[in-house]
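>>> show me the folded form of this:
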Amino acid sequence: MNSLDDVAAMKQKDPSGVLASTAMFPDQCQQAWEESQKVVFPDEYKKVKNIVVAGMGGSRFTPKTIGALYRNKIKVSYEICEDYTVPGYVNSDSLVILCSYSGTTEEVLAAGEDARKKGAKIAGIMSKKMDVPGYYFDPKFNPCGQPRIGGGYLLIGHLGLLKALGFVEAEDKEVTDAIAFAREIGKKYAAEVLTEQNPAKKLALLLKDKHPFIITAEFLKGFGNGFANQINETAKMISDYRYISELNHHLLEGLSHPDSIRQNGLFLFFLSHCYSEPVRKRFGITKDVVTKQQLAAEDIELTGPDKISQVLEAYTLSGFTTYYMAMLYDADPVAIPWVDYFKAQLAK
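You can find the predicted model right below:
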């Protein structure tokens, strides 16, 4: 597709309605927030000493985002599990949350069975009801049906669960204001807004045929993972995510080779006034090192008034951007043929 302003042509390439689902991200968040914090748990669930979240893909980066966002506020040890088994320390004092949009993810179900054997409390967050307490949602604001496009349910649903359990204090106004902010800023990214005035379309054009390095820090670490995932699955393009300050200890020396990185490498720095002062300083110096080595770099300045607003702002931007990237590649944004092939081979 040559033009991102031909809305009718885009909708023809999007028979499943990914664009509609993308625009409903704030609705997903609102529904999840209203429902998930009302979940009632047994008292013993509120007395655990650690939480392990089992999830893969879009069901992994969403709780990871909440973990990074509330890192200094979650009252117990909190870990993401991306394996068939849970960590060795899991026992009767642990809560294992099974996070799977479909409720059928192989690794998540296996981790759940391992947790059962170790006597852990188990909860779920998914669209398929299980025989354990949890948030089981009707994804009515995700008409395309693709789990990663329904990320609002898992993202804010996870926050609501942690609040219901008493492990995070999240004010209702803070969350609803953030959702309202995402809804408002999403209007700038809508398909009807011409490219000249549309930051998401401009970013899609910038990223086309590049190898992006998504650079975030602190409370945006989970989002960096999420954006890279969306680029892979929705846009069918390679991507990488890195964190400041960890990358400062090795990556800066790895930019000399191969030479092709100067043709297609692009560092995308997500900036925030909510970062700590040492981290903000590191962003500027990191960009200086990158550009001195003749690599392309671009800043994305988030404008939300607080951390949760900026997380939802970032996901709103990434959702629209990766949709427009798929259009540029004439790709069906919902299709995942190679993942489907892999699963079919695995099932034999």
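
>>> would you map the helices across the stretch 151-300 of the chain?
For the stretch 151-300 of the chain, applying DSSP state H, counting those that start in this stretch gives helices covering 151-165, 172-186, 199-207, 221-235, 261-264, 277-292.

>>> please identify the most buried of the ones you listed.
Of the helices of the stretch 151-300 of the chain, the one with the most neighbours on average (mean count of other CB atoms under 10 Å) is helix 151-165, at a mean of 27. Placement of C-beta: from N, CA and C, glycine included.

>>> just so I know, which of the helices of the stretch 151-300 of the chain lies nearest Ala111?
Checking those against Ala111 by CB to CB gives helix 151-165 as the closest, at 16.1 Å.

>>> packing partners of the lengthiest helix in the chain?
Using DSSP state H, we find that the single longest helix of the chain is helix 307-328. On a contact count with 3 or more CB pairs under 8 Å, 6 or more residues apart in numbering; DSSP states H and E, helix 307-328 meets helix 18-23, helix 25-36, helix 58-69, helix 151-165, helix 172-186, helix 199-207, helix 221-235.

>>> contact partners of the helix or strand following it?
Sequence order places helix 337-346 as the next helix or strand after helix 307-328, per DSSP states H and E. Helix 337-346 is contacted from outside by 106, 233, using CB atoms under 8 Å, 6 or more residues apart in numbering.

>>> and the nearest residue to Lys46 once chain neighbours are set aside, how many neighbours?
Excluding its sequence neighbours, the residue lying closest to Lys46 (CB to CB, 6 or more residues apart in numbering) is Gly166, at 5.1 Å. Applying other CB atoms under 10 Å, we find 13 residues neighbouring Gly166.

>>> any idea how far Gly166 lies from Pro133?
Note on Gly166: its distance to Pro133, by CB to CB, to the nearest Å, is 14 Å.

>>> got it, and Leu266?
Taking CB to CB, one finds Leu266 at 44 Å from Pro133.

>>> how about Ser318?
Ser318 is 31 Å from Pro133, where distance means CB to CB.

>>> centroid residue for the chain?
Residue closest to the average C-alpha location in the chain (CA atoms, centre = their mean): Gly226, at 3.3 Å.

>>> which residues does that one contact?
By CB under 8 Å, 6+ apart, the contact set of Gly226 is 58, 61-62, 64-65, 151, 315, 318.

>>> how much space between it and Gly166?
26 Å.

>>> sorry, back to before: how about the helices of the stretch 151-300 of the chain in TSV, adding distance to Met325 and mean pLDDT?
As requested, the helices of the stretch 151-300 of the chain are exported to TSV (distance: least, CB to CB, whole Å; pLDDT from 0 to 100):
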stretch	distance to Met325	mean pLDDT
helix 151-165	17	97
helix 172-186	17	98
helix 199-207	5	98
helix 221-235	4	97
helix 261-264	14	95
helix 277-292	22	98
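
>>> out of these, which comes closest to Asp43?
Across those, closest to Asp43 is helix 151-165 (CB to CB), at 10.6 Å.

>>> just want the angle from the closest one to helix 221-235.
150 degrees (axes from the mean of the first three to the mean of the last three CA atoms, to 10 degrees).

>>> report the distance from helix 151-165 to the chain centre.
13 Å (CA atoms, centre = their mean, to the nearest Å).

>>> stretch 278-294 too?
25 Å.

>>> got the CA coordinates for that stretch in CSV?
What follows is stretch 278-294 as a C-alpha-only set of coordinates in CSV (Å, rounded to 0.1, in the frame of the first residue of the first chain):
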residue,chain,number,x,y,z
PRO,A,278,20.0,9.6,36.4
VAL,A,279,18.1,7.7,33.8
ARG,A,280,17.1,10.9,31.9
LYS,A,281,20.8,11.8,31.7
ARG,A,282,21.7,8.4,30.4
PHE,A,283,19.2,8.7,27.5
GLY,A,284,20.9,11.8,26.2
ILE,A,285,24.4,10.3,26.4
THR,A,286,23.3,7.0,24.9
LYS,A,287,21.8,8.8,21.9
ASP,A,288,25.0,10.7,21.5
VAL,A,289,27.0,7.5,21.4
VAL,A,290,24.6,5.9,18.9
THR,A,291,24.7,8.9,16.5
LYS,A,292,28.5,9.2,16.7
GLN,A,293,28.6,5.7,15.3
GLN,A,294,26.4,6.8,12.3
